[in-house]
Structure formats: C-alpha cells, structure tokens
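Q: When you get a sec, could you give me coordinates for this:
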Amino acid sequence: MPFYLAREAPKLWRKICLEMSIELKLLFENWKYLLGGLIFQYLHGLAARGVHYLHRPGPLLHDIGFNLIPELGQEKGSISETIFAFIFISFVLWTFHPFIYQNKKIHTVLLWCRVLACLVASQILRIVTFYSTQLPGPNYHCREGSKLSRLPPPRSVIEVVLINFPRGVFYGCGDLIFSSHMIFTLTFVSTYQKHGTKRFVKQCAWLLAVVQSVLIVASRKHYTVDVVVAWYTVTLVIFFVDKKLPELPDRSMGASQQMLPVVSRDWEVKGKEEQYNLLNGITLNGAD
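A: Here you go, the predicted model:
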C-alpha cells in the first residue's frame, strides 16, 4: 500500500498542476463574471436583510402544505438545513473533480460562470417578488410574540451593510417568495443532471430536491407557494440561460485541450475548400 501511494502521488500531483494551469488561464479570462456573481451573493443577502426591517408579524396564512405535511417542530427544524448543506457541499466538491479524476467533462471555471448566471438571474426575480409584498413569516422566530420577528431601525449604515452574518441569514424574516434554498438546490441538481455522468447520483439528487422541498414546508420556514414558485421559476431561468449562453465544451470528446471555441484559420478554410473541389471534380486555374 505505501509503495502504491508513493508511485501514484507524483502522477496525481502532475495532474493537479496541469489542471490548475488550464483553469488559471480560464480564470484570468472570466474573473469578471465570477467576481460579479460572488458580489451579487452579498447584495442578495443585503436585500434579504433590508426586507426584514419591513416585516410585520401576523397570523399564519392558510396553507394546504401545512395541512398535509406534519410540523417538525422547532427542535427538528435543522434537518432541512442539514440536507441543504449536504447538497451544497457535495456539488461544490464535484465541480472540482477534474483536478483529480481522469474522466473530465467540464472546466470548473466555465461551469461556475454558468451556475452563478443562473443564481443571479433567479435571485433578481426573488428580490423583486419579496419586496413587492411582505407576507407574515411562518418560521418560529418570525411569528407574533418573537423578539426576532421585527428589527429595530438601524443605528448606522454599518449595521445594515454587515447584515449580521450568519445570524442575520438564519433568523431573517420577510424574504419568502420564493425560497432561496430551492434556488441553490435546483440550480445545482439541474447542473449535475446536464453535466454529470452517474445516473444513480442524478436520481438521488432529484430525490433529495423533493425531500428538501417537503422538509422546508414541514419545518415552516416557507409557505408551500414559496417552494412551488421556486420549482417552475428556477427551471425556466435555467432553460433561458442555457439558450442564451454557449454550450460548455465537452472535454470527454477530446476537447480537454480546447479552452476556447476553435476559430478556423485562413489556411485551414482554404485547405478544406480545395479538398471539397477535388472530391467534386472542380478545377481552378492559377489566375483563380
């Protein structure tokens, strides 16, 4: 066993170094898109923090999901967060698998550019909807009588800008329609569905997405409408982004060395034209 590790370790290191050289070149070309997507994640958190100041607790709205799905209770509310953390971490680790595994279908940088594009588009729609109408939050800390249901007016700009991370994220209210957890979950699962290779993992991923939806309602973190709207909105956003953005190069088809779309050179085009003319019996004189 130690001999095997000593023999394979240099190969793995060379593979990682080669992959890093490819990904760094792509990073230098696309860093603006990645940075913009990451900055918007903060802006999305800032918007969610801002709507908490507008939240007004009230009686829970009638919800068919609340009638059909038993309530987990405040003590078991972390179950849905555990499922979400598993999906999030698993997807992030999978996007970096080209650095280790030989079967490489994706470029990590290009994949994250597409993922962030889907997240940003969905989050923009989400910000518009939850600022349009503030519903009384169904979560335990958002109900009437809870000290966390309303935020006192901010005493300074710093208090708003810092968004009280992570407490402000876990105990936010008012940012309901539609579910942010489902935005990430559906984006990650759909991305693996398109670019992943393991059929069993794809089936398990969609099953986890359904389980996550049920647990969000069961833990009373969102109304059922928040989850339902997320399912068809995020799906349509992903469909739109896939139509507008160019296809990612499939490295398994020999495109591992092609980091950018191939542009035919003049001599290549001329050679193809000459070959076509010869095959079809077309001759051109020297003047032509």
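Q: so where is the protein shaky, pLDDT-wise?
A: 1-9, 102-104, 164-169, 250-288 (pLDDT under 70).
Q: at 50 what do you get?
A: Applying pLDDT under 50 to the chain flags the ranges 254-269, 276, 278-280, 282-288.
Q: any idea where the helices of it begin and end?
A: Here the chain has its helices, by DSSP state H, at 2-52, 64-68, 78-95, 108-132, 157-161, 167-170, 180-195, 199-218, 224-244, 266-279.
Q: Would you mind telling me which of those helices is nearest S149?
A: Taking Cβ to Cβ, helix 2-52 is the member of the helices of the chain nearest to S149, at 9.1 Å. C-beta: built from backbone N, CA, C; applies to glycine.
Q: So what's the gap between that closest one and the chain middle?
A: Centre-to-centre, helix 2-52 and its host chain are 14 Å apart (Cα atoms, centre = their mean, to the nearest Å).
Q: for stretch 190-199, same thing?
A: Computed by Cα atoms, centre = their mean, the chain-centroid distance of stretch 190-199 equals 13 Å.
Q: So the nearest residue to G37 once chain neighbours are set aside versus N30, what's the distance?
A: Among residues not flanking G37 along the chain, L116 sits closest, at 2.9 Å (Cβ to Cβ, 6 or more residues apart in numbering). Counting by Cβ to Cβ, to the nearest Å, the gap from L116 to N30 is 10 Å.
Q: Tell me which of those two has more neighbours.
A: L116 (19 against 15; other Cβ atoms under 10 Å).
Q: That one touches L34, doesn't it?
A: Yes - using Cβ atoms under 8 Å, L116 makes contact with L34 at a distance of 6.6 Å.
Q: that older thread, buried deepest among the helices of the chain, which one?
A: Stretch with highest mean neighbour count among these: helix 180-195 (a mean of 21; mean count of other Cβ atoms under 10 Å).
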